[in-house]
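Enquirer: here is the input, now give the coordinates:
(chains A, B and C)
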Amino acid sequence: MSLLHPDRLFPANPASRDIARDLFQSVQNVPIISPHGHTDPRWYAEDAAFTNASDLLLVPDHYVLRMLVSQGVKLEDLGVAPLDGGAYARDPRKIWQLFAAHYHLFAGTPTRLWMDHTFQTLFGMQDRLTPANADLYFDTINESLTQPEFRPRALFQRFNIEVISTTESALDDLRWHQMIKDSGWNGRVVTTYRPDSVTDPDFEGFAANLDTFGDLTGCDTGTWQGYLDAHRARRAFFKTHGATASDHGHPSAQTANLDAASAAALYGRIRTGRADAADRALLRAQMLTEMAKMSRDDGLVMQLHVGSSRNHAAGIFQRFGRDKGFDIPARASFTAELQPLLDVVGLDPSVTIILFTLDESNYTRELAPLAGAYPALRLGPAWWFHDSAEGMRRYRQMVTETAGFYNTVGFNDDTRAFPSIPARHDVARRVDAAFLADLVADHRLDLDEAAGLMQDLTYGLAKKTYRL
Amino acid sequence: MSLLHPDRLFPANPASRDIARDLFQSVQNVPIISPHGHTDPRWYAEDAAFTNASDLLLVPDHYVLRMLVSQGVKLEDLGVAPLDGGAYARDPRKIWQLFAAHYHLFAGTPTRLWMDHTFQTLFGMQDRLTPANADLYFDTINESLTQPEFRPRALFQRFNIEVISTTESALDDLRWHQMIKDSGWNGRVVTTYRPDSVTDPDFEGFAANLDTFGDLTGCDTGTWQGYLDAHRARRAFFKTHGATASDHGHPSAQTANLDAASAAALYGRIRTGRADAADRALLRAQMLTEMAKMSRDDGLVMQLHVGSSRNHAAGIFQRFGRDKGFDIPARASFTAELQPLLDVVGLDPSVTIILFTLDESNYTRELAPLAGAYPALRLGPAWWFHDSAEGMRRYRQMVTETAGFYNTVGFNDDTRAFPSIPARHDVARRVDAAFLADLVADHRLDLDEAAGLMQDLTYGLAKKTYRL
Amino acid sequence: MSLLHPDRLFPANPASRDIARDLFQSVQNVPIISPHGHTDPRWYAEDAAFTNASDLLLVPDHYVLRMLVSQGVKLEDLGVAPLDGGAYARDPRKIWQLFAAHYHLFAGTPTRLWMDHTFQTLFGMQDRLTPANADLYFDTINESLTQPEFRPRALFQRFNIEVISTTESALDDLRWHQMIKDSGWNGRVVTTYRPDSVTDPDFEGFAANLDTFGDLTGCDTGTWQGYLDAHRARRAFFKTHGATASDHGHPSAQTANLDAASAAALYGRIRTGRADAADRALLRAQMLTEMAKMSRDDGLVMQLHVGSSRNHAAGIFQRFGRDKGFDIPARASFTAELQPLLDVVGLDPSVTIILFTLDESNYTRELAPLAGAYPALRLGPAWWFHDSAEGMRRYRQMVTETAGFYNTVGFNDDTRAFPSIPARHDVARRVDAAFLADLVADHRLDLDEAAGLMQDLTYGLAKKTYRL
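Expert: Next up, the predicted model:
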């Protein structure tokens, strides 16, 4: 028996399946370009062994946490430490057993595909995880993790990663990136400039963050111009650690294009605590345009992730903090919201802005038409809840006819879960192979074109668009 | 010839079809759990013969009425009595002939599937309904209806219904449920607590309804606490007639979480006629949270049906009243709207709130993420206009990857049309079999898992979630 | 080799494909009814030869322009003349070569399908367009265009067009339609009444347009009644040139139903320059209801196209003007917006209003329920960005179960690109054949019904609904 069928995710129709299989095989061994994600650079810097199956695969994975919590499991029992120092499960074996007892909940979800891929390809498991074999799984994985070939750098090579990008706060000292560089290791790990903590007045500790931002850069963040200079300095610093992109997580895609005096006055109100909610939203909006202008100057590709209502459950946020599975999407739109920014840089082909949404109704209505017209715009892949077989398929079906393939940017794994990276790229490559196969099977595309597109969707578009 | 092909609604690809057929056959004879619907409990109480084909199958079916009206047929000519005492068709044979002349309009719709299923399995018809055989149909059906095996209780047994829930107003005396109980019949018919007439200040006769509500319960509905006590009393009364659930039809999912003093003040303004539209909406919002808190106390499962703009055509409503096919969905959302309620009960696994929408853009963007995180939330099946093969397929495709199968609750037939109940469950089982077969065929699911899920989607989830 | 496979766009599953092929073949030679589009009546009036491949196929096609611009090509380099008299490419061969160098961008888009169809069926090309064969293409097409059988009237016959509708401004003198009539040619070309320039106060030159409108009709457009009379007169004039329909392009579907005095006062504010943005929107809303009432009187079918944010890029609009590919859809809705109009004419089966949207979330939520209830409403086909294989398929999948087939109106090619008309109808017929084949293959429809529907979707519904 095997957890992974070689034809998984291919079309059921035999003729289409044969085409998909050929297309997939042509890219199966192509190196991974991972231009956006959230793995911890410390792993690559220290190259220390991972500790155990639960701490590696479960506790940091918000997809796992949220599904189990939705069925009544407590976060404490999954090893998540309450902020108030309250009790929580510390025995990784018990956590693993709890996961195994609920593994059926993941039937039909991407977590199931990712986990099974990890279980089989990394740890050699052949039988589906159940309560009965939970201990065998746990022991086998833990035993593997003690081996040198399961250390982060060895896995990085084994995963055939050509380059991976991490994401750091604008206030981060990039010490782990420095340590990687100093180590002489030849794995390519680059950072990404993520300034939300100093562009969003609603971010925790925003005022103090601006002080730190000034200290780090020697710029006077008490003034608008000094604040912008601090961004410029920090972007340059990130570029010295390989950054080719910035990333911006905003509740909406609203942008603004204030004149310099109005922007300075707005910043003054924010900085001196006289701003209301509309001012705070306006600064976020203005800063997207400022970042786009800096991108025009320094060449960083700009990523905009829109539409998550973060920390939706106050009870979870207060007790456990961020990123515990309780971020819920809300309605988003782009057409009117992006217009101020696009008036400034939208027609400039030297600028690249990559748009991501959690609201799939945006695909055909707004995003494909925008990216299919403005030279500065590209569409990021299906994101987060939509990073799944059906989600990716809907994305291609809804985007391609208006924006084509070449206004998309390949795949992002976007993950904190290092071992799942090959699994996620495997799913994306298979879904793209299946989509292209369907176009060939009904004669919308010739086979030689599909083969070329398969390479571009897997490798070329990500490398080129992200300037990697 | 036959109206029903045994492989209807299964995938066209032979390998997938074989899997779907096996899955379907495994549940074909499983009893029906009908946890939400609108059949008339009087039928089961009195067990009187149905009168004729038109009064049984056409006049009460808003799906039938709306389609014929959309093509220029008048409601009067379909036997619907104007409220003003105006003339209307009273000859059921003529109504039936009118329906037969327009039967082609239903090609590709669920009404066609339901009707053909009823025609063949109940009345033995083999040829498609046309003007030419309309009289034969009419006479055959009417002849059948005189037979004892076509009385409501006999059909209930023949349909293999294990339990059915009706839906009654909070002001209903539940006399028919009492009569069923007193009769000693062993069919299980339970009620559901539907309090819209006493929670929605825009409901016809709201003030008088509150007076009646007080009279029925002996509670002082002049005060907020008395009003809440009246709900508690009434919920308890419904539970004595088998209720395991409440049901709430609201224009939006807006909830509120006022402190007791503010809520009492709001209720006072409403009760004394000093409330504006915002107050009326706020009471609806607050009452959802109150109902959820009562659910926590008394264990009733809470259903929330959102997004219908009722009685859209003033001309129809004034002339014919409610439920004549002119309810039109409007945009809905849940993420911000539910937050006040979820702050109170969302993390409590002992509470169950089932969400229904008419706005499919909610599925991936809001509903699956919410139900895939909050232990108190579950997703109701594709509802009303989406209770159809394509609608159910979209539901599974858009919900499963984020919420899994186990945050859904099985099927609701939700119907007033008693003879269509087996047809509706047949469609749901076939679509689920087809969906699972597709997952097996492309190796996202193993066959043994699909078989288990097939049972749960057909029977287990409805029975467990609705506590039946 | 061939650019066009005979089975293109049919389902991949062999059994379904066979059904689709048969259905398609049954309508392959059915005449084209083109009830809505934007071809230039001057072509049919003068019957002059088209000049060259680029001017015929590229420069006027906003689908082509937008895709190339999105990848960094300048409009000037595509032969689009700046309004300020700036330089632009005037060598059609160079423009063609530029197009050929970017032809891969259209993989998976409808433009690719339309172009290949034109290349092969009109010009006999067999190999995919590439930079290497760009000159051969250019020369072959140009050579053909000098032949008499490539003149507009000859192509009209060759395309098997039974009737085509153009679209003219309410201020147009219809001179080309008069010239066609005077010529004695037997091709049937009708106009459509498009009054946006005199119903939308935000239209360029609105005040002057109203003066012209008065001059043309002899009505006093200084008063509300005179203004309405001018519309009546102009609609009658358009009817003498074959018009059976009006067409209205509005940013939203908002309608209003003011009493005559309020409407007159509103018009007075507009006419005397004292109106604000809300007034201007209200006039647009009121005029939709006025047009519907006139439709009731004069029998013109009313088309409503909703949801485009026109001229989104100020830089493009100022430099090049309208219709250069920078119209971007925005969110739309209909349920509340149409209610005022529907209160007046919605229940009247003698009125026909055809609704079009760019927001696909409207299909299941609002449009199918509305058209499946109101006798005055019909649904236009998938429009603009959704005039594509996937777009049409989603349309049928989302609309049919609630509205059936008979509340839809067949296909519109809606194009300025005359040579693409057969290609567009070919795609629509194939997608409908595929959709019907899927319903037959899974036994939701009998084959004889599908054959009848195929005829109706191709020919009957357009002819009947548009009264052609």
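Enquirer: quick check, pLDDT for residue A:1.
Expert: At residue A:1, the model reports a pLDDT of 65.
Enquirer: again, but for residue A:323
Expert: At residue A:323, pLDDT is 87.
Enquirer: what ranges of chain A fall below the confidence cut-off?
Expert: For chain A, applying pLDDT under 70 flags the ranges A:1.
Enquirer: so what are the domain limits for it?
Expert: A:14-51+A:151-466, A:52-150 (the TED database).
Enquirer: most packed of those domains?
Expert: Comparing these by mean neighbour count (mean count of other Cβ atoms under 10 Å in any protein chain shown), domain A:14-51+A:151-466 comes out on top with a mean of 20. For the C-beta atoms, the positions are set from N, CA and C on the backbone; glycine is no exception.
Enquirer: from the chain's centre, how far out is that domain? Work that out for me.
Expert: The chain centroid and the centroid of domain A:14-51+A:151-466 are separated by 6 Å, computed with Cα atoms, centre = their mean, to the nearest Å.
Enquirer: now the terminal residues of that domain, how far apart.
Expert: Its first and final residues considered, domain A:14-51+A:151-466 spans 36 Å by Cα to Cα, to the nearest Å.
Enquirer: go ahead and confirm residue A:456 touches residue A:405.
Expert: Yes - Residue A:456 is within contact range of residue A:405, at 7.0 Å (criterion: Cβ atoms under 8 Å).
Enquirer: if we can go back for a sec, what about the domains of chain A, which gets the closest to chain C?
Expert: Among the domains of chain A, the nearest to chain C by Cβ to the nearest Cβ is domain A:14-51+A:151-466 (3.6 Å).
Enquirer: run through the residues of the stretch 251-400 of chain A sitting next to chain B.
Expert: Counting by Cβ under 8 Å from any Cβ of the partner chain, the residues of the stretch 251-400 of chain A close to chain B are A:309, A:312-316, A:325-331, A:358-361, A:385-386, A:388-391, A:394.
Enquirer: which ones among those lie within helices?
Expert: Taking DSSP state H, the ones among those that sit in helices are A:314, A:315, A:316, A:389, A:390, A:391, A:394.
Enquirer: now do the strands in the stretch 201-350 of chain A.
Expert: For the stretch 201-350 of chain A, the strands defined by DSSP state E, counting those that start in this stretch cover A:245-250, A:301-306, A:308-309, A:328-329.
Enquirer: contacts for the first one next, please.
Expert: In other words, strand A:245-250. By Cβ atoms under 8 Å, 6 or more residues apart in numbering or on different chains, the residues outside strand A:245-250 that reach it are A:35-36, A:165, A:167, A:192-196, A:199-200, A:235, A:284, A:288, A:291, A:295, A:300-306, A:308, A:466-467.
Enquirer: does any bit of stretch A:252-262 sit next to chain C?
Expert: No - applying Cβ under 8 Å from any Cβ, one finds stretch A:252-262 out of contact with chain C, separated by at least 11.0 Å.
Enquirer: end to end, how far does that stretch reach?
Expert: Rule used - Cα to Cα; the end-to-end distance of stretch A:252-262 is 21 Å.
Enquirer: cool, and stretch A:99-118?
Expert: End to end - Cα to Cα - stretch A:99-118 spans 15 Å.
Enquirer: and that stretch, how far out from the chain middle?
Expert: 20 Å.
Enquirer: re the thing from before, turn the domains of chain A into CSV, including distance to residue C:421.
Expert: Supplementary listing: the domains of chain A in CSV, determined by distance: least, Cβ to Cβ, whole Å:
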stretch, distance to residue C:421
domain A:14-51+A:151-466, 19
domain A:52-150, 44
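Enquirer: list the contacts of the closest residue to residue A:211 other than its chain neighbours.
Expert: Excluding its sequence neighbours, the residue lying closest to residue A:211 (Cβ to Cβ, 6 or more residues apart in numbering or on different chains) is residue A:221, at 7.0 Å. Contact analysis of residue A:221 by Cβ under 8 Å, 6+ apart lists A:210, A:211, A:213, A:214, A:227, A:230, A:271.
Enquirer: any idea how far the closest residue to residue A:288 other than its chain neighbours is from chain B?
Expert: Nearest non-adjacent residue to residue A:288, counting by Cβ to Cβ, 6+ apart: residue A:255, 4.6 Å away. Plainly put, residue A:255 is 22 Å away from chain B if you go by Cβ to the nearest Cβ, to the nearest Å.
Enquirer: my guess is residue A:255 meets residue A:335, correct?
Expert: No - in this structure residue A:255 lies outside contact range of residue A:335 using Cβ under 8 Å: 11.8 Å.
Enquirer: which stretches of the stretch 51-200 of chain A form helices?
Expert: Ranges of helices in the stretch 51-200 of chain A, per DSSP state H, counting those that start in this stretch, are A:53-57, A:62-70, A:92-101, A:110-123, A:134-145, A:152-158, A:175-183, A:196-199.
Enquirer: out of these, which is closest to residue C:320?
Expert: Checking the helices of the stretch 51-200 of chain A against residue C:320 by Cβ to Cβ gives helix A:196-199 as the closest, at 34.5 Å.
Enquirer: which strands and helices sit next to that closest one?
Expert: Secondary-structure packing of helix A:196-199 (3 or more Cβ pairs under 8 Å, 6 or more residues apart in numbering or on different chains; DSSP states H and E): helix A:206-217, strand A:245-250, helix A:277-298.
Enquirer: and the residue of chain A most remote from its centre, how far from residue A:398?
Expert: The outermost residue of chain A, judged against the average C-alpha position, is residue A:261 (35.6 Å), by Cα atoms, centre = their mean. Note on residue A:261: its distance to residue A:398, by Cβ to Cβ, to the nearest Å, is 42 Å.
Enquirer: pull the contacting residues for the residue nearest to residue A:288.
Expert: With Cβ under 8 Å, 6+ apart, residue A:255 has these contacts: A:285, A:286, A:288, A:289, A:337, A:338, A:339, A:340, A:341, A:342.
Enquirer: over to residue A:16?
Expert: Residue A:16 touches A:10, A:434, A:437, A:438, A:440, A:441, C:12, counting by Cβ under 8 Å, 6+ apart.
Enquirer: just want the most central residue of chain A.
Expert: Chain A has residue A:414 as the residue nearest its centroid, 2.3 Å off, counting by Cα atoms, centre = their mean.
Enquirer: circling back to that earlier point, from the ones in helices among the residues of the stretch 251-400 of chain A next to chain B, pick the one nearest residue A:50.
Expert: Comparing these against residue A:50 with Cβ to Cβ picks out residue A:316 as the nearest, at 26.2 Å.
Enquirer: who are the neighbours in contact with the closest one?
Expert: A:75, A:324, A:325, A:326, B:347.
Enquirer: surely the last one and residue A:315 touch.
Expert: Yes - with contacts counted by Cβ under 8 Å, residue B:347 reaches residue A:315, the gap being 5.4 Å.
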